[in-house]
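Chemist: Give me the fold of what follows.
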Amino acid sequence: MRGMAEQQQVVVIERIDDGEKEKKKKRRSRRSKQNPVVSGDSSVSGMRGEASGLGNSNTLNYVTSSMGTYSSQQYQLDAHALVNNGPGKASDIAFSSLPTMRILGEESLVQEGNMQDPHFFQSDPGVTMYSKSCPEPICQEEANESIMNKENLPSRKPEAYTVMQRKYFDSHWSIEAVNEAIERGDLFKASFRVNAYNRIEAYCTIDGIPTDVLISGIAAQNRAVEGDVIAVQLDPFTCWTRLKGSSGNVDDSTLMDGCNALPEAVDVLSDNYKGKDKIDFELEDTSRGNGFLCPDKGWHHQNRAFVGEAVHLDLRIGPKSYCYESNGHNSPALDPSNAVCSLSKNELLNSIEKICALISSFPSKRPTGRVVAILEKSPRRDAVVGFLGVKQWLSYREGYKKEPKKNKNSLSFSNREYIQLTPTDPKFPKMAVSVKSLPDCINKRLRKGDATVEMELVAAKIDDWKEESILPQAHVMHILGRGGEIESNIAAILFQYTITSAEFSVESLSCLPKIPWEIPVKELERRKDLRNLCTFTIDPSTATDLDDALSVERLSDDIFRVGVHIADVSYFVLPDTSLDIEAQMRSTSVYLLQHKLPMLPSLLSENLGSLIPGVDKLAFSIFWDISNAGNIVDRWIGRTVIRSCCKLSYAHAQDIIDGLVDVENPTIFRNRFPELCGPFTWCDVVRSVESLNKISKTLSENRFKDGALKLESSKLVFLFDECGIPCDSMLCERKDSNFLVEEFMLLANRTVAEVISRAFPSCALLRRHPEPNTRKLRDFGAFCRKHGLELDTSSSGQLHLSLEKIREKLQDDPVLFDILISYASKPMQLAKYFCSGDLKDRANEWSHYSLAIPLYTHFTSPLRRYPDIVVHRTLAAAMEAEDMYLRGQKTLLKSINGETVARRCFTSTYFDKDAILSKEAQEALSAAAAKHKVPCAEKLADVAAYCNERKLCSKHAEDAGDKLYMWALLKNKETLFSEAKVLGLGSKFMSIYIHKLAIERRIYYDEVEGLTVEWLETTSVLVLDLCTSKRPQKRGSPSKRRALEEVAWVTSLCDLKLEQGVFENGNHEGGTNKEGVVSIPSKDYSTASEPDISVGSGISPAVFPLTVRLLSTIPVVLHAVGGDDGPLDIGARLYMSSYF
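Modeler: Just a heads-up that it's a prediction; the model follows:
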């Protein structure tokens, strides 16, 4: 059991009287007879713990803990006392000060830390400390004496505490050592990702290795936090763990959970889940290999780890590291150059190949490793949001004041004050905050004893995390507001993901022309005039930043000329200006439903650059001559001036596509359609939309024939009242009008990628989509086959065809198909921007997997994406270089519309490679790149990396905003009754999918008072029933069992029938809407009596006993969790009825 001794909650230390000491010694003596103390000779490396003796009695007999690389001390614990809120006297300190022991749990022995000193126990016996679980003052000497082996440590002497002054973590390697080891293939650079369900379990992806590397345990993580770029060292193959679901038959709950690979739409449960006094510890209900150590080396061999079994694994390779020997002592540290995984210099590629060969030969094994250095600290370290543990601090302060005599020899109370910060993101550890460093506004409230400070969201940053400190040290910068208010949480989201909401600087605004503004005459002369072309935009009805327009002309019976016109934002945003720097810093616009945080000032994004109807606008235009078969016959790219004739919404375009618009009836257009500008009629617009729709369908069919993949699912849309509060929600699907626009935008992006990569093969900003995770894709295929659904995952095209066949087969069960689409997205990797020069020798990695094309970029949204502006500049340079080259060559080869022009060899479908490699072309390209300030490869790589980071933060912020509004919808005195599909089952929890909200949730039913659980593993069947008899409990053992109300909303069948009669007469209070949201009195679900239940929701409760199988449908009740008392979440319970 990794990390079980890592997270010990520190306690308040004070003196006690002799009588209490005597009682304590007698009790300890009785316990020692029942549970003999383990010898103190054995030790472990780091802080990974070893425990044994966990049985059905829920008693933990021994826990061995080692701090850093020092020899360990033996802690004798009784798990039945670990769940107390706090001891009543000092004799309880050895038990009650520790949080509940959990297998695979995030919170184990050391994590709570010492809030009076972040370095845990100090040698000074006079220093007072406190903890969350122990509000009463207790003597430090007695506390240490009660938890430490007194045979090894003398008592009541300062020397006894020097053993605690040690390092809990290994030192990080130097940059020089890391670089040398990376070159040898001993270390790998990777990004650190934490499992939101279990913080002591983290993963990293190494380029070239198909399976993520597991980094398990606080010691192995070595102070890395979510988002850090780390140097990771792999353990020898004999130490690799078993992949989830790889032992025996594939377990559905394991498969559906995945390894830290939940889809982006899935929200994680917080460890502060209301009503639960412990972390959700059994993350995978089936076995998972926590250790696989070589028996011939005397190590513990553990193929499978079950609940109640102790597992130890700690292999260290590198300086100051230790491995187990058969005698239980620490072996000498291994030098990195002599490590098992080390290879000769310049063999990094060979190292990766060998690892891949091992994974291929043993597909059931997952590589494990440990962090040896943090190469780049995550920006999230500077943006922590959380709650302060104020009530415990106030309680301790009052106790300190009441007994000043006992504290007269101690340091002053203010000298060593620390308070606990609990982040809202479960991926981050708890932190220690110095009270002296708190802002004045918080300190004033604390001095007044204001406990409501605990309800405030605070913004903080991690200052340091030393080797000697169990917890990172942080400081609070400011208060964000009450945890239960929408605006406070919006501010928290923006801070957490470093999204600026500030107004644009005066310097940035000064870069823009003042309005009214007209296009200069010289600029008009340099551009192609398209103002007499029927051009229009199609956007959401509320859109104000209109950056793309469409046009179509029929050239012949077989050829159409389609135009895509993109706002020329690069004309206004010049390189290296204040506006350019600020736009790059923001990188992308962020949309949080009712909040828009633009990348560019509104003067530009909604006025100067926006393609407003009836106004002359600057644009980049691309024309394609497309045959009826969807083939591109020719194309033209250039800078233009356009004038849009109207702004259509997607709904307007869809009405035209569906044939609901009668062009002979002008009343329809006056009442339902926008104003039409210019010399065009609605017949022109309707005919254009119909033609574009027909062409887009042909292009789409061709794309999917060429191997493209579509993972399309419904999107949740919120409805708001006049006060901006969410009042309802609905699921929406995209329609043909959406796909029409998307198809031509994809074509434009693909075309520009081709052009700029030709012209600037080393400094083109492109976008790639790597192939999916092979193992996860294979597991998904196995799941489908297990349920009679054939899935071919050999390519993106075959995957798409398979999913379309499954769609036809499941046309009567669209919810299940939506679930499959959601899980098909799990193996997919993120698409990323990259500089072509970075992968110059690996052109096969440039491709886009889901689009099945070799080149792709972003060009069509310059008003809201900074990479598009960079691409515009690069495209402008390519076009200008082409003009310079052709003027020099005087090559006149073809005629267009009666004009004799030079045949374009850079931007057209015709590509003359020899011409572009000629000296004249290279000189032209170099001059144009300098004029338009195309970034060099090194700078462009940095821009790409930064834009990737900001795009991901934007996505996370938008997801958090959706979750916030979903929470607000349920919090507004409403409860949602819904049906849910069971995705995963086990003895501890089930994973469910609520289609109505398009989210997944877990329902934990282990250790619930009044509920019996029968798990039939061979048939994957779960039976839940009410238990009328009270379960016997061991003497002196406080109950860890949770209340039934936390798991199920149970109503009496008799009451339900009575309520149905009342509702049928129409005399019930409240009501329901079409989504099944029912208004009920606001009550605390964990303590309130049974609330009224409205059958108007259309959902009937299930009846005990409840038999559940995989993919079965069950009724559930959803409710808001947290707010002022913890992180926001959506809770789920079973909706049940019973006669009892």
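
Chemist: Please count neighbours and contacts with C-alpha atoms only from this point.
Modeler: Will do.

Chemist: Any figure for the gap between Asn350 and Cys356?
Modeler: Separation of Asn350 from Cys356 (C-alpha to C-alpha, to the nearest Å): 10 Å.

Chemist: Who has more neighbours out of the two?
Modeler: More crowded of Asn350 and Cys356, by other C-alpha atoms under 10 Å: Cys356, with 17 against 14.

Chemist: Where do the helices of the stretch 601-750 of the chain begin and end?
Modeler: Under the criterion DSSP state H, counting those that start in this stretch, the stretch 601-750 of the chain contains helices at 602-603, 650-657, 666-672, 682-705, 736-759.

Chemist: of the ones you listed, which approaches Gly1123 most closely?
Modeler: Between Gly1123 and the helices of the stretch 601-750 of the chain, the tightest spacing by C-alpha to C-alpha is seen for helix 602-603, at 33.4 Å.

Chemist: Now tell me what touches that closest one from outside.
Modeler: By C-alpha atoms under 8 Å, 6 or more residues apart in numbering, no surrounding residue is in contact with helix 602-603.

Chemist: Neighbouring strands - and their directions - for the helix or strand encompassing Leu766?
Modeler: Applying DSSP states H and E as the criterion places Leu766 in strand 765-768. In the sheet, strand 765-768 lines up against strand 832-835 (antiparallel) (DSSP bridges).

Chemist: Mind listing what's buried along the strand it pairs with?
Modeler: For strand 832-835, a neighbour-count test (16 or more other C-alpha atoms under 10 Å) marks Lys832, Tyr833, Phe834, Cys835 as buried.

Chemist: and the first one, what are its bridge partners?
Modeler: Lys832 forms beta bridges with Arg768, as assigned by DSSP bridges.

Chemist: Was I right to think it contacts Arg767?
Modeler: Yes. Counting by C-alpha atoms under 8 Å, Lys832 touches Arg767, with 5.4 Å between them.

Chemist: pLDDT weak spots in the stretch 451-600 of the chain?
Modeler: By pLDDT under 70, the stretch 451-600 of the chain has no low-scoring segment.

Chemist: Just the strands from it, written as ranges.
Modeler: 456-464, 473-482, 528-529, 536-539, 548-554, 559-567, 590-592, 595-597 (DSSP state E, counting those that start in this stretch).

Chemist: So what touches the third one?
Modeler: Looking back up the chat, that one is strand 528-529. If you take C-alpha under 8 Å, 6+ apart as the criterion, strand 528-529 is touched by Gly638, Arg639, Thr640, Val641, Ile642.

Chemist: I'd say the last one and Gly614 touch.
Modeler: In other words, Ile642. No. Contact criterion C-alpha under 8 Å: Ile642 and Gly614 do not qualify, at 9.4 Å.

Chemist: Show me which of those two is the more surrounded one.
Modeler: Ile642 (29 against 18).

Chemist: Show me where the stretch 801-950 of the chain has its helices.
Modeler: Using DSSP H, counting those that start in this stretch, helices in the stretch 801-950 of the chain cover 814-824, 866-889, 913-917, 919-931, 937-971.

Chemist: ranking these by burial, who's on top?
Modeler: Mean neighbour count (mean count of other C-alpha atoms under 10 Å) peaks for helix 866-889 among those, with a mean of 22.

Chemist: C-terminal to the strand holding Leu766, what's the next element?
Modeler: Sequence order places helix 774-786 as the next helix or strand after strand 765-768, per DSSP H and E.

Chemist: about what we covered before: I'd like the helices of the stretch 601-750 of the chain written out as JSON lines, with mean pLDDT added.
Modeler: Below are these laid out as JSON lines (pLDDT from 0 to 100):
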{"stretch": "helix 602-603", "mean pLDDT": "96"}
{"stretch": "helix 650-657", "mean pLDDT": "94"}
{"stretch": "helix 666-672", "mean pLDDT": "70"}
{"stretch": "helix 682-705", "mean pLDDT": "96"}
{"stretch": "helix 736-759", "mean pLDDT": "96"}
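
Chemist: Around Asp440, how many other residues sit close by?
Modeler: Using other C-alpha under 10 Å, Asp440 has 11 other residues around it.

Chemist: What is the least confident helix or strand in the chain?
Modeler: Across the helices and strands of the chain, mean confidence by mean pLDDT, DSSP states H and E is lowest for helix 93-96: a mean of 30.

Chemist: Can I get the helices of the stretch 601-750 of the chain in TSV including distance to Met884 and mean neighbour count?
Modeler: As requested, these are exported to TSV (distance: least, C-alpha to C-alpha, whole Å; neighbours: other C-alpha atoms under 10 Å):
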stretch	distance to Met884	mean neighbour count
helix 602-603	34	16
helix 650-657	41	20
helix 666-672	48	12
helix 682-705	34	18
helix 736-759	13	21
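
Chemist: and Tyr823, how far is that from Leu803?
Modeler: For Tyr823, the distance to Leu803 (C-alpha to C-alpha) stands at 12 Å.

Chemist: just Trp846 next, same as before
Modeler: Between Trp846 and Leu803 the distance, using C-alpha to C-alpha, works out to 26 Å.

Chemist: ditto for Asp235
Modeler: Distance, Asp235 to Leu803, using C-alpha to C-alpha: 38 Å.

Chemist: now do Ser918
Modeler: Ser918 sits 48 Å away from Leu803, going by C-alpha to C-alpha.

Chemist: Which of those two has more residues huddled nearby?
Modeler: Higher neighbour count among Ser918 and Leu803: Leu803, with 23 against 12, using other C-alpha under 10 Å.

Chemist: nearest spatial neighbour of that one, skipping sequence neighbours?
Modeler: Computed as C-alpha to C-alpha, 6 or more residues apart in numbering, the closest residue to Leu803 that is not its neighbour in sequence is Leu791, at 7.2 Å.

Chemist: How many residues are close by that neighbour?
Modeler: 21.

Chemist: Would you confirm that it contacts Arg785?
Modeler: Yes. With contact defined as C-alpha under 8 Å, Leu791 reaches Arg785; the gap is 7.0 Å.

Chemist: can you pull out the helices in the stretch 101-250 of the chain?
Modeler: Using DSSP H, counting those that start in this stretch, helices in the stretch 101-250 of the chain cover 140-147, 175-184, 218-221.

Chemist: Only alpha carbons, please: show the longest one as PDB.
Modeler: Read it as helix 175-184. Taking Å, rounded to 0.1, in the frame of the first residue of the first chain, the C-alpha atoms of helix 175-184 are listed here in PDB:
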ATOM      1  CA  ILE A 175      20.200  20.600 -14.400                       C
ATOM      2  CA  GLU A 176      23.600  19.400 -15.600                       C
ATOM      3  CA  ALA A 177      23.000  15.900 -14.300                       C
ATOM      4  CA  VAL A 178      19.500  15.900 -15.800                       C
ATOM      5  CA  ASN A 179      20.700  16.900 -19.200                       C
ATOM      6  CA  GLU A 180      23.400  14.300 -19.300                       C
ATOM      7  CA  ALA A 181      21.000  11.600 -18.100                       C
ATOM      8  CA  ILE A 182      18.400  12.600 -20.800                       C
ATOM      9  CA  GLU A 183      21.100  12.300 -23.400                       C
ATOM     10  CA  ARG A 184      22.000   8.800 -22.200                       C
END
